[in-house]
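Engineer: with the sequence up front, the predicted model follows.
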Amino acid sequence: RVQLCWLRNDLRSHDNKALSRAREQGPVVAVWLVSEQTWREHLDAPMKIDFWLRNLASLQQRLQQRGIPLRILHCPRWQDAADCLLQLAGELQAAGLHFNAEYGIHEQQRDDACLIAFRQAGLQADSYHDQLLFPPGSLLTRSGSMFKVYSQFRKLAIATLHQRLPRCLAEPEPQPPLAISSDAIPQLPGLADASALQRQLWPAGEAAAQQRLQQFCEDSLHAYSEQRDRPDLDGTSRLSPYLASGVISVRQCLHAAMRCNQGELDSGNRGVQTWVNELLWREFYKHILVAYPHVSRHRAFRPETEAVAWRNDPKALEAWQQGRTGYPIIDAAMRQLLATGWMHNRLRMLSAMFLTKNLLIDWREGERWFMQHLIDGDLAANNGGWQWSASTGTDAAPYFRIFNPVTQAQKFDPNGDFIRHWLPELASRPTSLIHQPLPAADLFGASDYPPPLVELSASRQRALDAFKNLGETR
Ligand code: FAD
């Protein structure tokens, strides 16, 4: 009897635990659910859904070569996933269901319901920890609670990796052909969408992801600690969409980095050590999501910060969204997001802090906007990044440490190349002025570039007051 392997954010055939375990137990039929309504509710970006479908098409081919058909079911809401899958299991006389765990609240509710439904029907049902190096809840303080400070989490994570390094699994063995045909990859107009440029920037498939990893290891990994904060350089891996959709696994990334460092994790090359650190931030935020599920419901990690008097200013919010705040580095960053579905990490921090501190607009507005536009949108990392920037999260930036978008731009885009690329209207400005908002004299000139939305020192003071007063009322 066949085993069902339910694919979700693990769109790869290599090093995929659920797929391998299912295959060990018999012939496999892979399944994918199209869940329009839930995806809409979760604000998944059209570009991300397009990326899923493109990767699914590539995976379908790969699976077909191994004799594994891919069935695609329409199941608009996750609440109905158990029924949809049971029906398929009945149709194919399947023996069991296998999938890799996902860690958001809704994902866990959906998965628990499926495990229960299958077992009640007398079928096998197994979920595997595959997405992370460490299952959530497995790295704890001495008193048995989740770490709230990243550096302590990291220390234990590294020590644990030294003791037990998770290995990568081989691609499953080919199976004799089944009399079950694959379904066509659906077209989802309005829900899935990307421009030709975006598709070219983010090619689909495991081979493309592996090539990107290899290129990064060869060209940029050793200089990563010096170049990672420079949006004008190609200094980071740009693997986040592939990691978020599971086209590549974190184990594959970790092993590749260690191979470039004579097998070392936390000694030797600094670039490798720093990159491993980033992979561990990814772990940290997913562990936080599970240990403190209120963050999964868009509540502040630190409840006292729920009392911040955020401003309701739709015009300022829209200017930020569209890259028209009058601060060149912020606007260039926001336009990079709209055009490519991705934004450099330093700029995510800068633009998030500008929204939450200088504009004093609720971090949840920014979190939503990012989720609606990011090709790598991931609840844990996005929420973690926003709460870090807004000083509402665990181990977050202290509220009084507010980035200055002009000096940050001078430091991390020293020649203004990044700003000029995304703001062609400023291309002719000299480097000495490129990072600054337009001086008053220019405001009446021909430039289409807007004046600054806020004044930095006054808006900074307003944010300090909002957070300070909060402390007094605590
Ligand atoms: P690299 O520098 O090459 O890092 C390698 C990988 O490590 C990344 O691909 C990513 O998977 C992980 N990683 C790196 N930094 C972080 C981090 N701070 N937190 C968690 N994981 C990290 N990352 C997402 O994957 N999805 C999001 O939705 C997301 N939203 C963010 C929102 C804000 C406000 C902030 C400040 C950060 C956010 N990040 C998010 C984290 C980070 O910005 C991106 O992971 C990174 O920019 C991706 O580029 P890269 O692949 O070149 O990263």
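Structural biologist: It's in.
Engineer: got a pLDDT number for the spatially most central residue of the chain?
Structural biologist: Taking CA atoms, centre = their mean, the centroid of the chain lies closest to D378, which sits 3.6 Å from it. Predicted confidence (pLDDT) for D378: 98.
Engineer: which residues does the nearest residue to it once chain neighbours are set aside contact?
Structural biologist: Ranked by CB to CB, 6 or more residues apart in numbering and with sequence neighbours excluded, the top spatial neighbour of D378 is A244, at 4.6 Å. Backbone N, C-alpha and C define where each C-beta goes, glycine included. Residues in contact with A244 (CB atoms under 8 Å, 6 or more residues apart in numbering) are N9, K48, D376, G377, D378, A381.
Engineer: from the stretch 251-400 of the chain, which residue is nearest to the ligand?
Structural biologist: As assessed by CB to the nearest ligand atom, the ligand sits closest to G385 within the stretch 251-400 of the chain, at 2.3 Å.
Engineer: my read is that residue is in a strand, agree?
Structural biologist: No. Applying DSSP: H, G, I helix; E, B strand; the rest coil, one finds G385 to be helix, outside a strand.
Engineer: burial of it, as a residue count?
Structural biologist: G385 has 23 neighbouring residues, counting by other CB atoms under 10 Å.
Engineer: and it, how far is that from K411?
Structural biologist: 20 Å (CB to CB, to the nearest Å).
Engineer: before we move on, what about K17?
Structural biologist: 42 Å.
Engineer: again with S428
Structural biologist: 23 Å.
Engineer: just R368 next, same as before
Structural biologist: Computed as CB to CB, the R368 to K411 distance reads 29 Å.
Engineer: again with P76
Structural biologist: 48 Å.
Engineer: again with L43
Structural biologist: Computed as CB to CB, the L43 to K411 distance reads 33 Å.
Engineer: who has more neighbours out of those two?
Structural biologist: Using other CB under 10 Å as the criterion, L43 and K411 rank with L43 on top: 17 against 13.
Engineer: reformat the contacts of A244 as a markdown table; add secondary structure.
Structural biologist: Output for those, formatted as a markdown table (three-state DSSP):
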| residue | secondary structure |
| --- | --- |
| N9 | coil |
| K48 | helix |
| D376 | coil |
| G377 | coil |
| D378 | coil |
| A381 | helix |
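Engineer: want to try a markdown table for those, with distance to A95 as columns?
Structural biologist: Listed next are those as a markdown table, based on distance: CB to CB, whole Å:
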| residue | distance to A95 |
| --- | --- |
| N9 | 25 |
| K48 | 33 |
| D376 | 36 |
| G377 | 35 |
| D378 | 33 |
| A381 | 36 |
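Engineer: near the ligand, from those residues?
Structural biologist: Of the residues in the contacts of A244, proximity to the ligand by CB under 6 Å from any ligand atom holds for D376, G377, D378, A381.
Engineer: returning to that earlier point: ok, now how distant is the residue nearest to D378 from the ligand?
Structural biologist: Using CB to the nearest ligand atom, to the nearest Å, one gets 5 Å for the distance from A244 to the ligand.
Engineer: look at that residue and report its pLDDT.
Structural biologist: Predicted confidence (pLDDT) for A244: 98.
Engineer: repeat that for A440.
Structural biologist: Looking at A440, the pLDDT reads 68.
Engineer: same check, this time on the one 4 residues further on
Structural biologist: The score at F444 is 56. That number is its pLDDT.
Engineer: quick one: the strands in the protein?
Structural biologist: Taking DSSP state E to define them, one finds strands in the chain at 3-6, 28-34, 70-74, 96-100, 124-128.
Engineer: wait, which of those is closest to the ligand?
Structural biologist: Closest approach to the ligand among these is made by strand 96-100 (16.4 Å; CB to the nearest ligand atom).
Engineer: that closest one pairs with which strands, and in what direction?
Structural biologist: Using DSSP bridges, the strands paired with strand 96-100 are strand 3-6 (parallel), strand 124-128 (parallel).
Engineer: contacts for it?
Structural biologist: For strand 96-100, the external contacting residues (CB under 8 Å, 6+ apart) are 3-8, 10, 16-19, 21-22, 25, 85, 89, 111, 114, 118, 123-131, 246.
Engineer: swap in stretch 364-371?
Structural biologist: Stretch 364-371 has contacts (CB under 8 Å, 6+ apart) with 42-45, 298, 317, 320-321, 337, 343, 348, 351-352, 355-356, 377, 379, 382-383, 386.
Engineer: same deal with stretch 57-65?
Structural biologist: With contacts defined as CB under 8 Å, 6+ apart, stretch 57-65 is touched by 7, 11-13, 30, 69-70, 174, 182, 185, 204-206.
Engineer: again, only using 7 Å
Structural biologist: Outside stretch 57-65, the residues within contact range by CB atoms under 7 Å, 6 or more residues apart in numbering are L11, R12, S13, A30, L70, S182, I185, A204, G205.
Engineer: in helices only, show me those residues.
Structural biologist: Of the contacts of stretch 57-65, none are assigned to helices by DSSP state H.
Engineer: most neighbours among those, please name it.
Structural biologist: L11 leads those on contacts (other CB under 10 Å) with 27 neighbours.
Engineer: quick revisit: so which of the contacts of stretch 57-65 comes closest to S195?
Structural biologist: Checking the contacts of stretch 57-65 against S195 by CB to CB gives A204 as the nearest, at 14.7 Å.
Engineer: that closest one and the ligand, how far apart?
Structural biologist: Taking CB to the nearest ligand atom as the measure, A204 and the ligand are separated by 16 Å.
Engineer: please name the nearest non-neighbouring residue to that residue.
Structural biologist: Nearest to A204 is R54, by CB to CB, 6+ apart, at 3.6 Å.
Engineer: so what pLDDT did the one you found get?
Structural biologist: With respect to pLDDT, R54 scores 98.
Engineer: in this structure, where's the longest helix?
Structural biologist: helix 270-291.
Engineer: show me what it is in contact with.
Structural biologist: Outside helix 270-291, the residues that touch it by CB under 7 Å, 6+ apart are 103-104, 132-134, 136-137, 139, 146, 150, 153-154, 157, 221-225, 228, 250, 253-254, 257, 260-261, 265-266, 295-296, 379-381, 384, 394.
Engineer: tell me the buried residues within those residues.
Structural biologist: Buried positions within the contacts of helix 270-291, assessed by neighbour count (16 or more other CB atoms under 10 Å), are 103-104, 132-134, 136, 139, 146, 150, 153-154, 157, 221-222, 224-225, 228, 250, 253-254, 257, 260-261, 265-266, 295-296, 379-381, 384, 394.
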